[in-house]
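Participant: What follows is a protein structure lacking sequence information:
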């Protein structure tokens with residue numbers, strides 16, 4: 001079973017446990033702990049970037065919510081107190097829908113109204129995560145991640161660093177995906193694709209290096225980057241020591 005199917009099975013199984021124990025009125029913290037134990041038991045981790053944040057299992061409540069509501073369609077069956085536990089995740093999904101539905105005029109005000117304050121880096125990253133996970137788990141055929149990045153960049157210019165970080169991550173995901181699918185088979189083609197995606201995003205300076213792409217191949221797609229040594233020029237710790 002590949003890592004995507006393992007992750008999806010974990011999320012479906014966790015929903016099974018939440019529903020089975022709905023009379024216990026589980027807290028968010030208890031659900032996060034259930035998620036953590038399931039991932040650790042199956043030897044995988046949630047979708048993440050190159051970093052490994054301490055709150056990664058809480059962030060994966062977004063994946064749990066999307067799989068339950070958009071994948072399994074179980075929202076109508078859930079008790080009110082269970083749905084209320086995912087109020088934060090519902091807002092991230094609603095924010096993504098607002099961005100995809102509206103033009104940039106007035107978007108900043110609408111998002112501030114939704115969250116009650118200007119968006120910070122954490123909130124922006126979680127809105128982006130909604131579209132990443134929809135695409136990753138196959139709930140959408142269309143890749144709307146670039147539109148999220150573009151809209152956030154224009155509406156919240158003070159979060160330029162966040163927009164660049166998300167652009168870098170997005171480029172790495174798309175390049176990694178192309179490598180794994182066999183659409184990119186050499187270093188030069190990989191570089192050309194990377195540049196093309198960056199130009200399309202309007203982020204020519206947000207280019208991920210090969211080490212970063214190799215990490216995304218592992219953390220997002222669960223594949224050993226060493227398989228692609230002819231495509232990626234990966235620096236080792238020994239290489240860095242020689243400098």
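Facilitator: Cool, got the structure. Just so it is clear, the structure is predicted and the values come from calculations on it, not from any experiment.

Participant: Could you report the neighbour count for residue 226?
Facilitator: Around residue 226 sit 11 other residues, with neighbours defined as other Cβ atoms under 10 Å. Any C-beta I mention is one placed from the backbone N, CA and C, and that applies to glycine too.

Participant: other SSEs contacting the longest helix seen in the chain?
Facilitator: In the chain, assigned by DSSP state H, the helix with the most residues is helix 160-180. On a contact count with 3 or more Cβ pairs under 8 Å, 6 or more residues apart in numbering; DSSP states H and E, helix 160-180 meets helix 121-136, helix 145-155, helix 187-201, helix 210-219.

Participant: want to throw these into JSON lines with mean neighbour count and mean pLDDT?
Facilitator: Shown next, in JSON lines, are the helices and strands packed on helix 160-180 (neighbours: other Cβ atoms under 10 Å; pLDDT from 0 to 100):
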{"stretch": "helix 121-136", "mean neighbour count": "21", "mean pLDDT": "96"}
{"stretch": "helix 145-155", "mean neighbour count": "20", "mean pLDDT": "94"}
{"stretch": "helix 187-201", "mean neighbour count": "16", "mean pLDDT": "95"}
{"stretch": "helix 210-219", "mean neighbour count": "21", "mean pLDDT": "96"}
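
Participant: Can you add distance to residue 43 and give those back as a markdown table?
Facilitator: Compiled in a markdown table, those are given as follows (distance: least, Cβ to Cβ, whole Å):
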| stretch | distance to residue 43 |
| --- | --- |
| helix 121-136 | 19 |
| helix 145-155 | 28 |
| helix 187-201 | 29 |
| helix 210-219 | 14 |
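
Participant: Can you find the helix or strand of this structure with the lowest average pLDDT?
Facilitator: When the helices and strands of the chain are scored by mean pLDDT, DSSP states H and E, helix 237-242 comes last with a mean of 46.

Participant: is it true that residue 160 touches residue 153?
Facilitator: Yes. Using Cβ atoms under 8 Å, residue 160 is in contact with residue 153, at 7.3 Å.

Participant: Are there residues contacting both of these two? Which ones?
Facilitator: Common neighbours of residue 160 and residue 153, using Cβ atoms under 8 Å, 6 or more residues apart in numbering, do not exist here.

Participant: Show me the shaky parts of the protein.
Facilitator: Scanning the chain with the threshold set as pLDDT under 70 gives 1, 235-243.

Participant: Centre-most residue in this protein?
Facilitator: Nearest residue to the geometric centre of the chain (Cα atoms, centre = their mean): residue 129, 3.7 Å.
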